[in-house]
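[1] need the 3D shape of this:
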Amino acid sequence: MRIPLFPAVLSAALLSANAAAADPYRCEQQDGIQQLRIYEIERDNRDAFHDRFRDHALRIMRRHDFNIVDMWESDTGDRVEFIYLLAWPDQATMDARWASFLADEEWIETKRRTAAEHGTLVREANGQPLVRLSYSPACARGPAS
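    Numbers count the residues shown, from 1 in each chain. Model prediction:
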């Protein structure tokens, strides 16, 4: 007898959600997740990168319901990094909105055009979801005993 895929996936998701809820390090009052994005940008193309992000990426991200919390730049002398923080209601929403943004025809064309004009703007891009810890000052539970 074959088990339908959908119930198996649903069961795995429920087990994962229950495991997360039982995690003593996870803040119970967690309101969604945040995602930290860090891009190492080409120093010589710094202005072109910021022009593209400010004038195009932000607008297209808003169209795909991205919630950008804040943005920073870090210049250590060795590398220039553009860092921003996003807020998402959950992992599934984050994944779906990234997929829609990356498939957006305007974004695809903008990346193609700016790469043709300026070359490489981003050396490396990393993103990771963040889950608040139970002993974080921002968690209403306070420090774990």
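[2] quick one: secondary structure of residue 59?
    helix (DSSP: H, G, I helix; E, B strand; the rest coil).
[3] and it, how close does it get to residue 39?
    18 Å (CB to CB, to the nearest Å). From N, CA and C alone the C-beta is placed, and that goes for glycine too.
[4] ok, these two, which is more surrounded?
    Per other CB atoms under 10 Å, whichever of residue 59 and residue 39 has more neighbours is residue 39, with 19 against 12.
[5] list the contacts of residue 75.
    By CB atoms under 8 Å, 6 or more residues apart in numbering, the contact set of residue 75 is residue 81.
[6] please report how far it lies from residue 81.
    8 Å.
[7] now residue 139
    28 Å.
[8] and residue 142, what pLDDT?
    Note on residue 142: pLDDT of 48.
[9] kindly report the same for residue 27.
    85.
[10] next one: the one 3 residues further on
    The predicted local distance difference test score for residue 30 is 70.
[11] next one: residue 21
    56.
[12] thought residue 89 was touching residue 35?
    No. Residue 89 lies out of contact with residue 35 (CB atoms under 8 Å); the separation is 11.7 Å.
[13] secondary structure element for residue 106?
    helix 105-118 (DSSP states H and E).
[14] re earlier: between residue 89 and residue 35, who's got more neighbours?
    Using other CB under 10 Å as the criterion, residue 89 and residue 35 rank with residue 35 on top: 19 against 12.
[15] bridged to the residue minimising distance to the centre of the chain, which residues?
    Centrality entry for the chain: nearest residue to the mean C-alpha point is residue 35, 3.9 Å, by CA atoms, centre = their mean. In this entry, residue 35 is beta-bridged to residue 86, residue 129, by DSSP bridges.
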